[in-house]
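In: Quick check, what structure comes out for this input:
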Amino acid sequence: MNTVAREAGVSIPTVSQVMRGAGRISEETREKVLRAARDLHYVPNSRAAAMRSGENREIGFVINQLGNPFNAEVVSGVVDLLEAEGYLVSIVDTRDDHERQARQLEAFIRHGRGGLLWVPAIDTSDETFDLLAAQGIPVVTFLRNVRRDLDHVGIRNAEATSIATRHLVDLGHRQIAYLGGTDLTIVRKQRISGYEEVMAEVGLAPSVVWDSEDNKIAGLDAMSALLSAHPNTTAVVCNGDMVALGACLAVTRAGLVPGRDVSVIGFDNIQDAAVSTPPLSTMAVSPHKLGRKLARALLDRIEDPDLPATAVEISAELLLRETTGAPAHVQLNS
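Out: All right, here's what the predicted structure looks like:
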């Protein structure tokens, strides 16, 4: 800043005011300072400014699986809104490892963050929650609602999978399986419960729940194994769109047609769902918009730290495309 002041022929306080957009500075002086700053490639130290002002405009986003396209679209929505509001977002991937998460959260605390968006890893300890509470950092959890004393943004998971399952039942399907997920996280438990509730209600229990990592290749392999073990399966409700896309590929490789021989419903409505072959029916939550809602919840907490903790859960919408239809025996009898 001293070098910029010398170059522009002004005082250091004047440079500081120009960089902060404060004070009553003439347009001519402001332009001189900004020109000198550009020529010298000067970048203000935001952390030093935060220490002086008490306002930190850096946000951390600790997510569980950045490689998942759903999460990537959520991150995009978060960043779009927060950057428009003058915040910088740092993103890290825990890969659902609570020890890795602990290291990342400690690093965020050491370097200072003005707020935290967080998908708590499986087996997150109470000590981790206590650590964040002691630091007084504004926190909003995402997807996994594990503490009522924290703000939360999530999805009505059981409601969504019940809607998906009921739609398949109404089409005439009776051999319906649930595909996807490997750990009984809160989210997966809720989604399976919605599926199982409808299956039991219409007398189709026992249900079939088949594990799969939440990616396309794993979905392909898992669906192939599911069809081999349960060849009468005519429909699957999937834990996510990537699993569903893999499932559709497995159906095709088995010489069948998704939506005609085996119906498949995904969950999320990522961008690839609309352009897959065939286009995927899914429970749509619009991840980019969900990310913006998550960012807004954090801004509300930052602006008013005394607000009571709130949990916002959105409903998913059944979006029908070409991977769902009546089973063959119903079509023949119609």
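In: for this protein, which spans come out with low pLDDT?
Out: For the chain, the stretches flagged by pLDDT under 70 are 44-55, 330-334.
In: Please repeat the previous calculation with a cut-off of 50.
Out: 49-54, 332-334 (pLDDT under 50).
In: all strands of it, in order?
Out: All strands of the chain, identified by DSSP state E, fall at 58-63, 88-93, 115-118, 139-142, 151-155, 176-179, 208-210, 235-238, 263-268, 281-284, 311-314, 317-319.
In: and of those, who's closest to Glu28?
Out: Ranking the strands of the chain by proximity to Glu28 (C-beta to C-beta) places strand 88-93 first, at 30.7 Å. C-betas here are computed from N, CA, C, even on glycine.
In: then stretch 72-86 to PDB, C-alphas only?
Out: The C-alpha trace of stretch 72-86 is given here as PDB (Å, rounded to 0.1, in the frame of the first residue of the first chain):
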ATOM      1  CA  ALA A  72     -21.000 -30.000  -8.400                       C
ATOM      2  CA  GLU A  73     -24.200 -28.300  -9.500                       C
ATOM      3  CA  VAL A  74     -25.100 -27.400  -5.900                       C
ATOM      4  CA  VAL A  75     -21.600 -25.800  -5.500                       C
ATOM      5  CA  SER A  76     -22.200 -23.800  -8.700                       C
ATOM      6  CA  GLY A  77     -25.400 -22.400  -7.300                       C
ATOM      7  CA  VAL A  78     -23.700 -21.600  -4.000                       C
ATOM      8  CA  VAL A  79     -20.800 -19.800  -5.600                       C
ATOM      9  CA  ASP A  80     -23.000 -17.900  -8.000                       C
ATOM     10  CA  LEU A  81     -25.000 -16.300  -5.200                       C
ATOM     11  CA  LEU A  82     -22.200 -15.800  -2.700                       C
ATOM     12  CA  GLU A  83     -19.800 -14.300  -5.200                       C
ATOM     13  CA  ALA A  84     -22.500 -11.900  -6.300                       C
ATOM     14  CA  GLU A  85     -22.800 -10.800  -2.700                       C
ATOM     15  CA  GLY A  86     -19.000 -10.200  -2.500                       C
END
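In: contacting residues around that stretch?
Out: Contact partners of stretch 72-86, identified using C-beta atoms under 8 Å, 6 or more residues apart in numbering, comprise 57, 59, 61, 63, 66, 88-89, 91, 117, 142, 270-271, 287-296, 298-299.
In: Can you give the distance from stretch 79-97 to the centre of its chain?
Out: 11 Å (C-alpha atoms, centre = their mean, to the nearest Å).
In: Need the distance between the two termini of that stretch.
Out: The straight-line separation of the ends of stretch 79-97 (C-alpha to C-alpha, to the nearest Å) is 24 Å.
In: With stretch 109-118 instead?
Out: The first residue of stretch 109-118 is 14 Å away from its last residue (C-alpha to C-alpha).
In: How about stretch 90-98?
Out: Start-to-end, stretch 90-98 (C-alpha to C-alpha) is 19 Å.
In: Would you mark the buried spots in that stretch?
Out: Buried residues in stretch 90-98, counting neighbours by 16 or more other C-beta atoms under 10 Å, are found at 91-94, 96.
In: ok, now stretch 260-279?
Out: 260, 262-270, 272-273, 276, 278-279.
In: One more: stretch 288-307?
Out: Buried, per 16+ other C-beta under 10 Å, within stretch 288-307: 288, 290-299, 301-302.
In: what's the offset of it from the middle of its chain?
Out: The answer for stretch 288-307 is 14 Å, by C-alpha atoms, centre = their mean.
In: contacting residues around it?
Out: 59, 73-82, 85, 114-117, 138-140, 142, 151, 153, 155, 310, 312, 314.
In: and what of stretch 125-138?
Out: Contacts of stretch 125-138 (C-beta under 8 Å, 6+ apart): 98, 101-102, 105-106, 109, 113-116, 120, 139, 147, 149-150, 298, 301-302, 305.
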